[in-house]
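Trainee: my questions concern the predicted model and sequence given below.
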2 protein chains.
Amino acid sequence: MNGRVTDDERLARAALTYLAEPSDLQLGKAVARDGAVRTLAAIRTGQYAAESRGNPAAKAAAERALARWQVRLGELPDADDLARFRRQGIRLVCPGDPEWPSRLEDLGTAAPYALWARGHGDVRFGCVRSVAVVGSRAATAYGSYVAAEIAATVAARGWTVVSGAAYGVDAAAHRGALGAGGLTVAVLACGVDRPYPAGHKDLLDAIAENGVVVSEWPPGRNVTRLRFLVRNRVIAALSVGTLVVEAGERSGALNTARHARDLQRRLMAVPGPVTSQQSGGCHTIIRDWGGTLVTGAADVLEMVTPLGEAPDDGDPSGGSPGGADRATAGRAKPVLSRDALDLESATVLDALPTRVGIGTTAVAARAGLDPVTVVRCLGALAATGFAERCAGGWRVRRS
Amino acid sequence: MNGRVTDDERLARAALTYLAEPSDLQLGKAVARDGAVRTLAAIRTGQYAAESRGNPAAKAAAERALARWQVRLGELPDADDLARFRRQGIRLVCPGDPEWPSRLEDLGTAAPYALWARGHGDVRFGCVRSVAVVGSRAATAYGSYVAAEIAATVAARGWTVVSGAAYGVDAAAHRGALGAGGLTVAVLACGVDRPYPAGHKDLLDAIAENGVVVSEWPPGRNVTRLRFLVRNRVIAALSVGTLVVEAGERSGALNTARHARDLQRRLMAVPGPVTSQQSGGCHTIIRDWGGTLVTGAADVLEMVTPLGEAPDDGDPSGGSPGGADRATAGRAKPVLSRDALDLESATVLDALPTRVGIGTTAVAARAGLDPVTVVRCLGALAATGFAERCAGGWRVRRS
């Protein structure tokens, strides 16, 4: 899958996702100190606790950690299991892989050991310009409408919508992004092979088809109440900013918001009627947590767009004369070096015209790639500022 | 009406409210420099411009001012007119009067020359603890409901509700305060004898009965578009804070909010659905003007209550055990010296029991005052922290 991550390292990280729950700081520190391969070996042989230097309390904590990890040693996958997952379209993304989203390193020793991924989208490229749109499962019609509307508009502007695939606001956000032909990333609290919630099987398949579904848990694992909370830190960490559309005072979305604040991501909330319990958490975020009140996609884009770029840098064909001037004046530069592109994305970029746009089928024919790969690459190229949508289809983004 | 303001001074200030529009800075400066009597004399004799020292531009401005004031010299009232107004229940409140709300001095040379007042409420006492509750004429059912609910709750806690008597949010706020048996002040952009809007004649009479209706314009004057805007600064200046409940982006309530901000009053707004145009101005206040998002009366009271007092210091008989403890711990002290009370209020205060409350009729009998005066004084005493409502009626506020 790449050159830098060895097979041993990949297998070891896969194993760690089986042995420990994510955000196990004992394991995070061990991997940071000794690497995944040595840490796994020390767990297998029972040497882990003995190797731990330090005071008696630290030694006792290491012994407890070893005991809880060894409980699951019988569940470890072998190379055949990983090959079977690959045939099912499930891959493991590890630190050091081109697809690894480096933004996760902000989590420190609570960073994921690895991410399981299913879908055509590239996790790293998809998240370079991404906004988390989250909220209550028990969304009102108002919350679902606003989530879908904002997600559709930011997605049409080349921003990826990250969410948790739950009912309510999450689903509306994913659907809004998909409907606008944009990229969307679902972060699950169970294996990526699990359709959870069951009623979202088709939605998850559509996200995998046009974006990517990721999880810290290996295939087969189920959700638990705690896993949702642990998962939320990844939603916040993957994204430039987190928008809470509707959330009651006790909604899990406030947990995601708290992670976003602690990670110094942009934190935003949509207000609603003060008579609606489902907006109570949003009002708390604005009033007490320093979150920014946003009333629509324009506010969100202004918050997440890097300084010096024009937030409304969208499709010039749809703009007024004044809008076109602004778009020309403030056009974004690509956020990555062209050398950082994978071979397929670089091939698609070479195939794009510079002036009049062409459709995805034409791009596929020029590039000699299948349409699904082309759609994935175009999404990544748009997200990273290399390509843009225009009236005729796709073209190189002018800089 | 008082001891400090001479009849000449009062007649001169009455005349100035006829000659000039409020917030005429040329007149404000002249009155600050020479006093109302000398300024009026200089206008009558035409000496005003000649007396102005300074450069030619300043002299030309003074000449233009003199010309516009002299146009209305024929409209001036005499002592008989003032006596007739008094018989109609209309009084003039001047700087130096016990009833003059000193907070208006924050307006500097744009302070009112005087206030015309109609009603039983005392303007100064009524505004010591007051919140302006303003908003759109075209309020939605949501806005009207929230305005009435918040106004009723803050009024029941002894806070006066100041507003502009317009349709929509203003009317809901006045009605909420009246319904809770609280004090409310209407600031008009026309004479206090004018029922404007006409549909609010009964509402204005009820406000005069239980509170007070004030205006910078003399009896008989009509509203104009500009007068509403000029009036708004008085609403903001009279109050500790201004709450905008619902307002479109072009609502006059945003003008009031801007005055509140410029006067360093507390500025607050109620959020609403981002899909509602009537909440757009509120969201701008929160997002761009530094206004505080409030979701209910508790938030408002927390914002306007002076530091060191408990904002929920209401009727102890209605509180939970925990709430009663908090009320006891944080009970407010009177905000004025007892010596500053007028004779009638001091008499009513002397008539109040210290433990079990008594009704207004009993207070009137003890004090030897008519019930209307007693109600006015009780409102003033509650607003200033001397008296409080309790289960049995009224009693001295415990400190």
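Mentor: Nice, I can see it. Numbers count the residues shown, from 1 in each chain, chains lettered A, B, ... in the order given.

Trainee: now for whatever residue of chain A ends up closest to chain B, how many residues are close by?
Mentor: Ranking the residues of chain A by distance to chain B (CB to the nearest CB) places A:Pro271 first, at 3.2 Å. C-beta: built from backbone N, CA, C; applies to glycine. A count of neighbours around A:Pro271, defined by other CB atoms under 10 Å in any protein chain shown, yields 28.

Trainee: swap in A:Leu82?
Mentor: 16.

Trainee: so is the residue of chain A closest to chain B in a helix, a strand, or just coil?
Mentor: Remark: A:Pro271 carries the secondary structure label coil [criterion: DSSP: H, G, I helix; E, B strand; the rest coil].

Trainee: show the subsequent helix or strand relative to the worst-scoring helix or strand of chain A on mean pLDDT.
Mentor: Every helix and strand in chain A was compared by mean pLDDT, DSSP states H and E; the lowest is helix A:321-329, with a mean of 30. The helix or strand immediately downstream of helix A:321-329 is helix A:343-351, counting by DSSP states H and E.

Trainee: pLDDT value on the residue of chain A positioned farthest from its centre, please?
Mentor: The outermost residue of chain A, judged by C-alpha distance from the chain's mean C-alpha position using CA atoms, centre = their mean, is A:Pro56 at 39.4 Å. At A:Pro56, the model reports a pLDDT of 86.

Trainee: got phi/psi on it?
Mentor: Dihedral angles phi and psi of A:Pro56 (degrees, to the nearest 10) take the values phi -60, psi -40.

Trainee: quick one: the helices in the stretch 151-300 of chain A?
Mentor: With DSSP state H, counting those that start in this stretch as the criterion, the stretch 151-300 of chain A has helices at A:169-179, A:201-210, A:225-238, A:252-262, A:280-288, A:297-304.

Trainee: chain neighbours aside, what residue packs nearest to the residue of chain A closest to chain B?
Mentor: Of all residues not flanking A:Pro271 in the chain, B:Pro271 sits nearest, at 3.2 Å (CB to CB, 6 or more residues apart in numbering or on different chains).

Trainee: pop out the phi and psi values for the one you found.
Mentor: Comment: the main-chain dihedrals of B:Pro271 come out as phi -70, psi 170, following degrees, to the nearest 10.

Trainee: and if you look at A:Glu249?
Mentor: Main-chain dihedrals, A:Glu249, degrees, to the nearest 10: phi -60, psi -20.

Trainee: which residues touch it?
Mentor: Contact analysis of A:Glu249 by CB atoms under 8 Å, 6 or more residues apart in numbering or on different chains lists A:Gln277, A:Gly280, A:Gly281, A:Thr284.

Trainee: near chain B too, which of the residues you listed?
Mentor: Under the cut-off given by CB under 8 Å from any CB of the partner chain, chain B has A:Gly280 from these close to it.

Trainee: in CSV: the contacts of A:Glu249, plus neighbour count and distance to A:Ala30.
Mentor: Conversion of those to CSV gives the following (neighbours: other CB atoms under 10 Å in any protein chain shown; distance: CB to CB, whole Å):
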residue, neighbour count, distance to A:Ala30
A:Gln277, 17, 43
A:Gly280, 20, 41
A:Gly281, 24, 36
A:Thr284, 20, 37
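
Trainee: quickly list the domain ranges of chain A.
Mentor: Here the domain assignment for chain A is A:7-77, A:114-304, A:326-396, based on automatic domain parsing.

Trainee: now distance to B:Ser102 too, for the ones you listed, in CSV please.
Mentor: Listed next are the domains of chain A as CSV, based on distance: least, CB to CB, whole Å:
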stretch, distance to B:Ser102
domain A:7-77, 59
domain A:114-304, 32
domain A:326-396, 49
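
Trainee: so which of these is the most surrounded?
Mentor: With neighbours defined by mean count of other CB atoms under 10 Å in any protein chain shown, none of the domains of chain A is more surrounded on average than domain A:114-304, at a mean of 23.

Trainee: so for that domain, mean pLDDT?
Mentor: Confidence over domain A:114-304 (mean pLDDT, whole number) is 96.

Trainee: ends of that domain, what's the gap?
Mentor: Using CA to CA, to the nearest Å, one end of domain A:114-304 lies 26 Å from the other.

Trainee: stretch A:383-396 too?
Mentor: Across stretch A:383-396, the straight-line distance between its terminal residues is 13 Å, by CA to CA.
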